[in-house]
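In: Below is the structure, and that's it, no one-letter string:
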């Protein structure tokens with residue numbers, strides 16, 4: 001989920017890189033500093049391609065001790081069952097021993113109890129979002145209100161109570177992945193595709209059946225389903241449909257038809273199709289494509305009839321134009337999903353999507369006009 005993972009800093013061969021984040025290609029041995037959510041942190045931690053960097057050597061109470069690598073068991077102890085490992089979120093209160101210390105120093109203090117792996121802090125980054133952290137960025141020192149995520153065995157939770165002025169906020173079970181359920185999920189996905197492709201079920205029924213199968217086999221839980229749904233996008237799209245209905249109920253669509261007929265009276269078919277294409281595309285930029293089609297199709301039919309021209313090219317104009325609104329993030333469902341998941345601004349859609357929409361408008365108008373004898 002890239003929406004919750006941001007590359008902040010890159011060190012390569014002992015030197016910090018300060019280049020455009022989008023132009024970086026990671027190499028073996030690179031050290032990166034990330035901002036991410038818990039799910040992505042655990043995905044990286046459990047990946048064979050990444051290691052949460054251990055502190056090589058620290059001095060603790062007059063002895064030299066190796067800090068164990070995060071996620072790995074101590075070599076001198078028996079292997080700990082992954083089910084016995086917890087992730088605990090701890091908040092720093094005024095007077096806490098860990099204040100004004102770095103994560104490395106906290107690892108030293110908690111070496112025999114827990115392994116700190118991340119810091120959570122609400123702060124606004126003042127440097128450009130398309131660049132990495134400045135090379136001379138200061139180390140992160142804990143402040144009041146900061147939260148750290150530590151990995152700890154269940155039986156050692158009580159050992160944290162000896163430290164005053166900290167608050168244990170949440171405990172997360174370390175996720176365990178079953179190989180059996182992984183293959184079962186793939187089989188269900190294949191079944192969904194097969195049912196839809198063979199025509200046994202339509203795509204909607206097939207997808208719903210697959211979701212029910214995943215829930216019944218406990219491959220996914222309702223909690224995770226609700227968590228992964230981007231409700232802002234759902235409500236955004238749901239709000240677009242009533243807007244189209246409101247335009248129809250208030251007579252706005254009839255008013256628009258009369259205005260377009262007045263503009264196109266006596267005009268060449270290329271101009272009428274081009275204008276209809278442009279108006280439909282602009283409306284689809286703020287209203288859903290389905291609602292736009294509902295509004296504009298009767299208008300297109302009225303235009304073609306009033307100008308004594310074939311209806312089909314005008315209906316096709318609405319069909320294509322309603323799906324070519326790439327200049328706003330709300331005009332089409334896919335745009336909204338990309339806007340939500342990626343690090344994009346409205347101007348990205350307006351500039352890049354606007355150019356694409358204009359090209360499609362010009363090409364589409366000529367091609368659709370060629371259908372008129």
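Out: Cool, the structure landed. Keep in mind the model is a prediction, meaning the values are calculated, not measured. Numbering: from 1, shown residues only.

In: For the helix or strand hosting residue 208, which helices and strands make contact with it?
Out: Assigned by DSSP states H and E, residue 208 belongs to helix 203-216. Where contact means 3 or more CB pairs under 8 Å, 6 or more residues apart in numbering; DSSP states H and E, helix 203-216 is packed against helix 179-198. From N, CA and C alone the C-beta is placed, and that goes for glycine too.

In: now the strands for the stretch 151-300 of the chain?
Out: 166-173 (DSSP state E, counting those that start in this stretch).

In: can you pull the contacts of residue 166?
Out: 90, 91, 92, 93, 96, 98, 160 (CB atoms under 8 Å, 6 or more residues apart in numbering).

In: List only those of those flagged as buried.
Out: 90, 91, 92, 96, 98, 160 (16 or more other CB atoms under 10 Å).

In: pLDDT-wise, what's the bottom of the residues you listed?
Out: Within the set of those, pLDDT is lowest for residue 160 (81).

In: For residue 148, give the beta-bridge partners.
Out: residue 90, residue 119 (DSSP bridges).

In: so who does it touch?
Out: By CB under 8 Å, 6+ apart, the contact set of residue 148 is 89, 90, 92, 98, 103, 106, 116, 118, 119, 120, 142.

In: which one of the residues you listed is nearest residue 318?
Out: residue 120 (48.9 Å; CB to CB).

In: you'd agree the closest one is up against residue 89?
Out: Yes: if you go by CB atoms under 8 Å, residue 120 and residue 89 touch, sitting 7.5 Å apart.

In: what is in contact with those two at once?
Out: Contacts common to residue 120 and residue 89, judged by CB under 8 Å, 6+ apart, are 147, 148, 149.

In: circling back to that earlier point, check the buried ones among the contacts of residue 166 and tell me the two furthest apart.
Out: 92 and 160 (12.9 Å).

In: re the thing from before, contact partners of the helix holding residue 208?
Out: So helix 203-216 is contacted by 185, 188-189, 191-193, 195-196, 200-201, 220-222, 225 (CB under 8 Å, 6+ apart).

In: Same check on stretch 251-266?
Out: 246-247, 271-272, 275-276, 279, 295-296, 298-299, 302-303, 306-307.

In: out of those residues, which are buried?
Out: Counted by 16+ other CB under 10 Å, the contacts of stretch 251-266 give 247, 272, 275, 276, 279, 295, 296, 299, 302, 303, 307 as buried.

In: Return the item of the residues you listed having minimum pLDDT.
Out: Scoring those by pLDDT puts residue 247 last, at 72.

In: list the contacts for it?
Out: 253, 287, 295 are the contacts of residue 247 under CB under 8 Å, 6+ apart.

In: what's the nearest residue to residue 86 if we skip its chain neighbours?
Out: residue 171 (5.2 Å; CB to CB, 6 or more residues apart in numbering).

In: Kindly report the same for residue 289.
Out: Of all residues not flanking residue 289 in the chain, residue 322 sits nearest, at 4.4 Å (CB to CB, 6+ apart).

In: The one you found touches residue 295, doesn't it?
Out: No: taking contacts as CB under 8 Å, residue 322 lies outside contact range of residue 295: 9.3 Å.

In: Surely residue 112 forms part of a helix?
Out: No: under the criterion used here (DSSP: H, G, I helix; E, B strand; the rest coil), residue 112 is coil, not part of a helix.

In: That one and residue 85: what is the separation?
Out: Counting by CB to CB, to the nearest Å, the separation of residue 112 from residue 85 is 16 Å.

In: Could you do residue 34 as well?
Out: 21 Å.

In: do residue 188 as well
Out: Taking CB to CB, one finds residue 188 at 29 Å from residue 85.

In: quick revisit: contact partners for the residue nearest to residue 289?
Out: 280, 281, 284, 289, 290, 292, 293, 296.

In: Out of those, which one has the lowest pLDDT?
Out: For the contacts of residue 322, the pLDDT minimum is residue 290, 76.

In: That one: how many residues sit nearby?
Out: 16 (other CB atoms under 10 Å).

In: what's the answer for residue 156, then?
Out: Neighbours of residue 156 using other CB under 10 Å come to 15.

In: Kindly report the same for the one 5 residues further on.
Out: For residue 161, the count of nearby residues is 9 (other CB under 10 Å).

In: what does the one 4 residues further on give?
Out: For residue 165, the neighbour count with other CB under 10 Å is 14.

In: Likewise for the one 4 residues further on?
Out: Look at residue 169: counted by other CB under 10 Å, it has 11 neighbours.

In: Return the residues in contact with it.
Out: Residue 169 sits in contact with 89, 90, 91, 147, where contact means CB under 8 Å, 6+ apart.

In: Try it again at 7 Å.
Out: 89, 91, 147 (CB atoms under 7 Å, 6 or more residues apart in numbering).

In: Over to residue 248?
Out: Neighbouring residues of residue 248 by CB under 7 Å, 6+ apart: residue 295.

In: can you rerun that using 8 Å?
Out: Here residue 248 is in contact with 294, 295 (CB under 8 Å, 6+ apart).

In: For residue 324, see how far away it is.
Out: 22 Å.

In: for residue 207, same thing?
Out: 26 Å.

In: Please apply the same query to residue 155.
Out: Taken as CB to CB, the span from residue 155 to residue 324 is 61 Å.

In: I appreciate the help and will end here.
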